[in-house]
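**Student:** Build the 3D model from these lines:
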Amino acid sequence: MTKKINRIYILGGGSAGAMTAVTLKKYFPEKDIRIIESLNEPVIGVGESTIGQINQWMSMIGIKDEEWMKECDATYKLSIRFENFHKKSDGGFHYPFGKPNIPNTFLGQTDGLNNWTYKKILYPETPNSDYANCYYSNMALVNNNTLTKNENNQLPGFDFKKDVAYHFDAIKFGKWLKEKLFKKLGGRVMSDNITRIVQNEDGSIKHLETYAGNVWSADLYIDCTGFNSILLGRTLKVPFESYEDILPNNKAWAARIEYTDKEKQLKPYTNCTALDNGWVWNIPLWSRIGTGYVFSDRYVSDYQAKQDFKHYLISNNICANPKEEEFKLLKMRVGIHKTLWEKNVCAIGLSAGFIEPLESNGLFTVHTFLLRLVKVLQRDNPSQYIKDHFNFDCRRIFREFAEFVASHYALTERDDSDYWKDRLNKKYEIKTRTDSVAGLNDYIQQKMIDHHYNQKYGWHCIANGMGWNPTDMPTLNYFNYWTDENDRKKFKQDVDNSIEFLEKRKTGWNLVAKSFNNYYDFLKKEIYDNKS
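**Tutor:** As a prediction, the model looks like this:
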């Protein structure tokens, strides 16, 4: 247990295993790093949508778009759209990538994001979707279905290299990483089935025995075996902490759908639509649509969920006649293990934990855990304290994101089904700000105490989209921003001036966005060599 970590075996050859292998081999070329992939265990491969953070990992590894995108059926993604989470038929709202473009503040406010809130207070008919349109110039691209690399900064505030994410085929991406990067870096991929896992007296892994008669022994084993968690969960029996208390869903029907009108259906965002017992994702890849219905079997049977999903696809003109063989039922294990690095095993990906698909978070946790693993492995012989620090920080980040995802349910006003009634009436443990990792508790207090939202993260987009605005008229009256009618008139005048600025800027963004290539044509030209 105290010897140096020179030999690392990664069990599992899916996207998590491939990304782990490439990352470790790039930064530790002298180490013996191998992937052991099963001969017959299917790769889940549903995670086809990412968030902007993936660009940091791509930069860390040195991967360029033109090298991999056309090999993996990839498209660009600018935003995530949410529909019917706040209320049924709410019109939807977006959470765009990048930083909000915030104008000057007024009335002594510390956060210019409140400028829109004042607009909503004085003009309550303003749709919640208007918030993102006012602060993100890339929403003009989304609304006009165009795209640009913005090399001349025609669209202020939009950084193509940082403010886009991707839709891609996760199985193809994993294969590309193994074949085009990992092997070229000197890594080895071994296809075999593990038949026996032998442990030392202290419970650590001694070696792995395989169907082909091989015996493999490593200093560190990385568990990338998905929900099976063969090493961390099944063998070392590290307890699993369920998050079903804040995240309700435990299954998903996934399907691959052919385009009926590709140029029209291809959009630069992931669409999430809430149904009676969960929600549907719609992810446009280059050659097909990835879609799925995330639900809870505590409220609906697998059969009925499939029927509801089919009805959604047909009624929304996504697919006229869904083929039965295209549907795949996935059982989700939502939560995280008590420790992710236990003895000589470290888990990355689904084997470590999973926060349901909302907000495209699966690969985010892979990359953030990998960054911390690289930091630890820079020490030849990391102490238990260093490993404990890894466990603590990974679990902290995971919980923070889980609470962020949970907020999409916690802020609902729907009561049209038992599923949504239970979300509406769900009790959450409210802690002090210093005790909370962030997410639900921290931002509830921002609403109640600070009356503005932090612009650093995307919470403000979700909160305002769900009608949980940071301040309101009673609060403004209470804190005496005006003492007589003249003050009130001045406030309204300032708000109207701010609205005029936001509207002019929005109009300008849209005029510029209209001048760029159609999104389909952009992908066709920049990535797919003018092939349809």
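
**Student:** hey, which helix or strand in the chain has the poorest pLDDT?
**Tutor:** helix 440-445 (a mean of 67; mean pLDDT, DSSP states H and E).

**Student:** Below-threshold pLDDT in the protein: ranges please.
**Tutor:** Across the chain, the ranges flagged by pLDDT under 70 are 1-2, 41-47, 104-111, 430-445, 481.

**Student:** 50 - rerun?
**Tutor:** Residue ranges of the chain with pLDDT under 50: 1, 108.

**Student:** helices and strands around the helix ranked longest in it, which ones?
**Tutor:** Longest among the helix segments of the chain by residue count, using DSSP state H, is helix 485-514. Applying 3 or more C-beta pairs under 8 Å, 6 or more residues apart in numbering; DSSP states H and E, one finds that helix 485-514 contacts helix 114-122, helix 130-135, helix 138-144. C-beta here means a position set from N, CA and C on the backbone, and glycine is covered the same way.

**Student:** Distance to residue 368 for these - can I get that in CSV?
**Tutor:** Formatted as CSV, the helices and strands packed on helix 485-514 follow (distance: least, C-beta to C-beta, whole Å):
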stretch, distance to residue 368
helix 114-122, 30
helix 130-135, 25
helix 138-144, 24
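
**Student:** Can you lay out these as JSON lines showing distance to residue 66 and mean neighbour count?
**Tutor:** Formatted as JSON lines, the helices and strands packed on helix 485-514 follow (distance: least, C-beta to C-beta, whole Å; neighbours: other C-beta atoms under 10 Å):
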{"stretch": "helix 114-122", "distance to residue 66": "37", "mean neighbour count": "21"}
{"stretch": "helix 130-135", "distance to residue 66": "29", "mean neighbour count": "24"}
{"stretch": "helix 138-144", "distance to residue 66": "20", "mean neighbour count": "24"}
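
**Student:** The ones you listed: which one's closest to residue 474?
**Tutor:** Comparing these by their distance to residue 474 (C-beta to C-beta), the top pick is helix 114-122, with 10.0 Å.

**Student:** So what touches that closest one?
**Tutor:** 103, 105-106, 109, 126, 130-131, 134-135, 451-452, 464, 469-473, 476, 491-492, 495, 498-499, 502 (C-beta atoms under 8 Å, 6 or more residues apart in numbering).

**Student:** got the CA positions of that helix in PDB?
**Tutor:** The C-alpha trace of helix 114-122 is given here as PDB (Å, rounded to 0.1, in the frame of the first residue of the first chain):
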ATOM      1  CA  ASN A 114     -31.000  43.100 -11.200                       C
ATOM      2  CA  ASN A 115     -31.700  45.600 -14.000                       C
ATOM      3  CA  TRP A 116     -33.800  43.000 -15.700                       C
ATOM      4  CA  THR A 117     -35.500  42.200 -12.400                       C
ATOM      5  CA  TYR A 118     -36.700  45.800 -12.100                       C
ATOM      6  CA  LYS A 119     -38.100  45.400 -15.700                       C
ATOM      7  CA  LYS A 120     -40.000  42.300 -14.500                       C
ATOM      8  CA  ILE A 121     -41.300  44.100 -11.400                       C
ATOM      9  CA  LEU A 122     -42.700  47.100 -13.400                       C
END
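
**Student:** sorry, back to before: so which of the helices and strands packed on helix 485-514 gets nearest residue 260?
**Tutor:** helix 138-144 (21.5 Å).

**Student:** Toward the C-terminus, what is the element adjacent to the closest one?
**Tutor:** Heading C-terminal from helix 138-144, the first helix or strand you meet, by DSSP states H and E, is strand 146-147.

**Student:** Flag every buried residue along stretch 410-426.
**Tutor:** For stretch 410-426, a neighbour-count test (16 or more other C-beta atoms under 10 Å) marks 410-412, 414, 419-420, 423 as buried.

**Student:** again, but for stretch 267-278
**Tutor:** Across stretch 267-278, burial judged by 16+ other C-beta under 10 Å covers 267-278.

**Student:** now the helices for the stretch 351-500 of the chain?
**Tutor:** Secondary structure of the stretch 351-500 of the chain (DSSP state H, counting those that start in this stretch): helices located at 362-377, 384-410, 418-425, 440-445, 459-465, 473-478, 485-514.

**Student:** Out of the ones you listed, which is the most enclosed?
**Tutor:** Of the helices of the stretch 351-500 of the chain, the one with the most neighbours on average (mean count of other C-beta atoms under 10 Å) is helix 459-465, at a mean of 24.

**Student:** for that one, packing partners?
**Tutor:** strand 93-96, helix 114-122, helix 130-135, helix 384-410.

**Student:** Export those as TSV, with columns for distance to residue 213.
**Tutor:** Listed next are those as TSV, based on distance: least, C-beta to C-beta, whole Å:
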stretch	distance to residue 213
strand 93-96	51
helix 114-122	66
helix 130-135	58
helix 384-410	33
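
**Student:** right, so of those, which gets closest to residue 21?
**Tutor:** Among the helices and strands packed on helix 459-465, helix 384-410 comes nearest to residue 21, with 18.5 Å by C-beta to C-beta.
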